[in-house]
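Enquirer: next come a sequence and a model predicted from it.
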Amino acid sequence: MNVPAAWYLVLAAGLFGIGAFGLLTRRSALIMFMCIELMLNAVNLTFVTFSRTLNDISGQAIVFFVMVVAAAEVTVGLGIVVAVFRRRSSTSVDELSEMKG
Amino acid sequence: MIGAAYSIPSVLVFVTSAMLILVGAIGVISVKNPVHAALCLIMTLFGVAVAFVAQSADFLAAVQIIVYAGAIVVLFLFVIMFLGVDRREHIHFEPLVGQRAFAAVGVAITVGGLIALMARSHWVSGASSVTTKLSSGGGNVKELGTAVFTTYLFAFEATAALLIIAVVGAVLLARRESATQGEESA
């Protein structure tokens, strides 16, 4: 008998938690983008697990779209990081505080 | 005990992918050097690809390696080295007092609640095989392609537009300031 879906779902929840913790605590914008990738991968793993358990292809099709959106997000995000770095030669998000009231 | 209930290869594959995923993820959030973090990210992505193969998502595992490890992480590494930000971040410096503790508590509540919710509701519930069945062995590229190009055709076309917009936006964002100023003054 195959490993139950619950194991993979718990693993995905753990991966999501690690990504969320990194996103909340790290200050480098690049590392924060990597943490977002971790969270997206956790959701992808959940979709594939549901797809296998329910014997339905939709979960895998949605993972395909999530990957496309992740690629677009990384492209624009790194463009923003490059533009910010040009102005202040730092990728730390703590230094972007002009809008602070 | 476990081997008696579940087949040993599937348990071994699960443990392997879980180790790769968790060690890589902890590496991403704990190492100081961004280049090392990107390499740890590749490790996690490989672990997720292993989990995909174990759950009969062969095509997605290949796309995971090619798109994520092959394109997205290379883009990360390119930007890290292009900007020269591979110097170390002060990871122990904490400008907001108690930020780590609050983040840990919030994440623990979220993940614990998620797992408790799933455990109470029999983990996976819902109608089986609503769109199309997964193929019974031998890969499911054909089923996946049919679903993407029929059921999800509108979403597929929308992602095409999204990708074009993202590429144009990234080019505009990362363009040199002097080029735009030169155009304005001319």
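Expert: Cool, got the structure.

Enquirer: can you report how many residues lie near the closest residue to B:Phe82 other than its chain neighbours?
Expert: Leaving aside its sequence neighbours, B:Phe82 sits nearest to A:Val82 (Cβ to Cβ, 6 or more residues apart in numbering or on different chains; 7.4 Å). For glycine as for every other residue, the C-beta is placed from the backbone atoms N, C-alpha and C. Residues near A:Val82, counting by other Cβ atoms under 10 Å in any protein chain shown, number 17.

Enquirer: so which elements touch the strand or helix carrying A:Val82?
Expert: Secondary structure assignment for A:Val82, by DSSP states H and E: helix A:58-88. Packed against helix A:58-88 by the contact rule (3 or more Cβ pairs under 8 Å, 6 or more residues apart in numbering or on different chains; DSSP states H and E) you find helix A:29-54, helix B:58-63, helix B:73-83, helix B:141-146, helix B:153-174.

Enquirer: for those, give me CSV that also has mean pLDDT and mean neighbour count.
Expert: Putting the helices and strands packed on helix A:58-88 into CSV (pLDDT from 0 to 100; neighbours: other Cβ atoms under 10 Å in any protein chain shown) gives the following:
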stretch, mean pLDDT, mean neighbour count
helix A:29-54, 92, 23
helix B:58-63, 90, 20
helix B:73-83, 88, 17
helix B:141-146, 86, 16
helix B:153-174, 91, 14
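
Enquirer: any chance of these in a markdown table with distance to B:Gly113 as columns?
Expert: Formatted as a markdown table, those follow (distance: least, Cβ to Cβ, whole Å):
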| stretch | distance to B:Gly113 |
| --- | --- |
| helix A:29-54 | 15 |
| helix B:58-63 | 28 |
| helix B:73-83 | 31 |
| helix B:141-146 | 32 |
| helix B:153-174 | 30 |
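
Enquirer: so which of these is nearest A:Val68?
Expert: Nearest of the helices and strands packed on helix A:58-88 to A:Val68, taken as Cβ to Cβ: helix B:153-174 at 4.5 Å.

Enquirer: quick one: is the closest one near chain A?
Expert: Yes - judged by Cβ under 8 Å from any Cβ of the partner chain, helix B:153-174 and chain A are in contact via B:155-156, B:159, B:162-163, B:165-167, B:169-174.

Enquirer: surely B:Ser56 is in a helix?
Expert: No - assigned with DSSP: H, G, I helix; E, B strand; the rest coil, B:Ser56 falls outside any helix and is coil.

Enquirer: give me phi/psi at it?
Expert: phi 60, psi 40 (degrees, to the nearest 10).

Enquirer: what's the separation between the residue minimising distance to the centre of chain B and chain A?
Expert: Nearest residue to the geometric centre of chain B (Cα atoms, centre = their mean): B:Leu45, 6.6 Å. Computed with Cβ to the nearest Cβ, to the nearest Å, the distance linking B:Leu45 and chain A is 7 Å.
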